[in-house]
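Enquirer: Sequence and computational prediction follow.
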Amino acid sequence: MSQPRPGSAGATRTCPHCKATILESAAVCPGCRHHLRFEPGAGANATPALTPLRIEGTLQPPAEGAAWEYSVVLSIRNERGDEVTRQVVGVGAMQPHEQRSFVLSVELNPATGKAAGRRTRH
């Protein structure tokens, strides 16, 4: 897996607030929602142009018995089905009376920068 060059579409950097890997073009971190750059129109980049995928769900273990553990795993595949990345996003445990809600969303914005029209390889 090759990483895009700085300044090209898909290039990444680290958020100075939450240390997440984010797109270099982001004016607002999608994780912690802190502003990273203050420039005209930066607030417009805080909301995605499109959200083509959003899944919500709630889990609750059986009412009787011991605690249940969970792992949230995210896997991204390219058009050939090759796994580009796989990450454990979070782990935890739930007692029989507890529940957890999860939301997965994919946000799309047009690429900006010098090489916005170039295709990146993953």
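Expert: Sure, I can see it.
Enquirer: Quick one: neighbours of Trp68, just the number.
Expert: If you count neighbours by other C-beta atoms under 10 Å, Trp68 ends up with 15. Using the backbone N, CA and C atoms, a C-beta is placed for each residue, glycine as well.
Enquirer: So that it lines up with my notes, have the first residue be 853 from now on.
Expert: Yep, numbering from 853; the last one is Trp920 now.
Enquirer: Please name the residues that touch the nearest residue to it once chain neighbours are set aside.
Expert: Nearest residue to Trp920, sequence neighbours excluded (C-beta to C-beta, 6 or more residues apart in numbering): Pro913, at 4.0 Å. By C-beta atoms under 8 Å, 6 or more residues apart in numbering, the contact set of Pro913 is 919-920, 946-948, 950.
Enquirer: okay, the residues you listed in a markdown table with distance to Glu935 next?
Expert: Output for the contacts of Pro913, formatted as a markdown table (distance: C-beta to C-beta, whole Å):
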| residue | distance to Glu935 |
| --- | --- |
| Ala919 | 31 |
| Trp920 | 27 |
| Met946 | 28 |
| Gln947 | 33 |
| Pro948 | 35 |
| Glu950 | 32 |
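Enquirer: what sits opposite Val925 in the beta ladder?
Expert: Beta bridges link Val925 to Val940, judged by DSSP bridges.
Enquirer: Tell me the first helix or strand C-terminal of the worst-scoring helix or strand of the chain on mean pLDDT.
Expert: Here the helix or strand of the chain ranked lowest by mean pLDDT, DSSP states H and E is strand 873-875, holding a mean of 86. Using DSSP states H and E, the helix or strand that follows strand 873-875 in sequence is strand 902-911.
Enquirer: Return the set of buried residues in that next one.
Expert: Within strand 902-911, no residue is scored as buried using 16 or more other C-beta atoms under 10 Å.
Enquirer: and it, C-alpha only, in CSV?
Expert: The C-alpha trace of strand 902-911 is given here as CSV (Å, rounded to 0.1, in the frame of the first residue of the first chain):
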residue,chain,number,x,y,z
LEU,A,902,-22.1,13.6,1.0
THR,A,903,-22.8,10.8,3.5
PRO,A,904,-23.4,7.8,1.3
LEU,A,905,-23.2,5.3,4.1
ARG,A,906,-24.6,5.6,7.7
ILE,A,907,-25.4,2.6,9.9
GLU,A,908,-26.7,2.7,13.4
GLY,A,909,-27.3,-0.1,15.8
THR,A,910,-27.7,-0.9,19.5
LEU,A,911,-26.5,-4.1,21.3
